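# Have a look; sequence and predicted model below, questions after that.
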Amino acid sequence: MRFYITDREAREILISVLAISFALMIAVAGLGVLGHPSDAVVLMAFFIVTVGVGFIFHELAHKFVANFFGAAAEFRMWVQGLVFMLFISLLGFVFAAPGAVYIYSPHLTRRENGIISVAGPLTNLVLALIFFAVALLSPVYFLGMNAWYWGAKINIFLGLFNMIPIYPLDGSKVLAWNIFAWGIVAAVLLGMFVFL
């Protein structure tokens, strides 16, 4: 099946990325940052590059692999999740549930569904390694921390969180397919999260 992104998908992915980045900005800096537009722009850009890239590629990995197996797949934002995320960011933390890729196929096997599901966390793992390499080779400091290193940690966290074996997270579908695949990916992400 051909890989494509509809106009609606592109719009909803963009809204989700901007909403996640805005929520993180508020959680980290508080509403007061809006009174300092230059700081707000820098923070938003930082979160778009680190979190936004991880989120976009995670979801597109699910979509691409689902398309490879002949399934239709589209990202749909979850408006209630976005509103809840923005609301709790005022309390200083973020629970990101902006949406997901919905897959349509009556013929997917448990193995194919597991591979589709593990594609997202594996993508975050690859992005984390890229961010970590850039952090070593060309560090950029932001808020007293190497921004690329933070991008690596964020992507490791995104992958690790999604490997929790509780439905509807990816880990539940990977575990249903292959306990060894689940264990290896989860262990690598956990090890990286602890030691990086």
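Structure's in. What do you need?

# can I see the domain layout of this structure?
1-108, 110-196 (automatic domain parsing).

# Highest mean neighbour count out of these?
Comparing the domains of the chain by mean neighbour count (mean count of other Cβ atoms under 10 Å), domain 110-196 ranks first with a mean of 18. Any C-beta I mention is one placed from the backbone N, CA and C, and that applies to glycine too.

# Show the subsequent helix or strand relative to the helix or strand bottoming out on mean pLDDT in the chain.
Least confident element among the helices and strands of the chain, by mean pLDDT, DSSP states H and E: strand 141-142 (a mean of 78). Using DSSP states H and E, the helix or strand that follows strand 141-142 towards the C-terminus is strand 145-146.

# what residues does the next helix or strand after that next one touch?
Once strand 145-146 ends, the next helix or strand along the chain (criterion: DSSP H and E) is helix 147-162. Helix 147-162 is contacted by residues 46, 49-51, 53-55, 58, 120-125, 127-129, 131-132, 134-135, 138-142, 169-171, 185-186, 189-190, 192-193, 196 when judged by Cβ atoms under 8 Å, 6 or more residues apart in numbering.

# Could you list which of these belong to strands?
Using DSSP state E, the subset of the contacts of helix 147-162 located in strands is Tyr141, Phe142.

# any idea what Arg76 is structurally, helix, strand or coil?
Secondary structure state of Arg76, per DSSP: H, G, I helix; E, B strand; the rest coil, is strand.

# report the angle between the axes of the top helix by length along the chain and helix 147-162?
Ranked by residue count and defined by DSSP state H, the top helix of the chain is helix 110-137. Angle of helix 110-137 versus helix 147-162, following axes from the mean of the first three to the mean of the last three Cα atoms, to 10 degrees, is 160 degrees.
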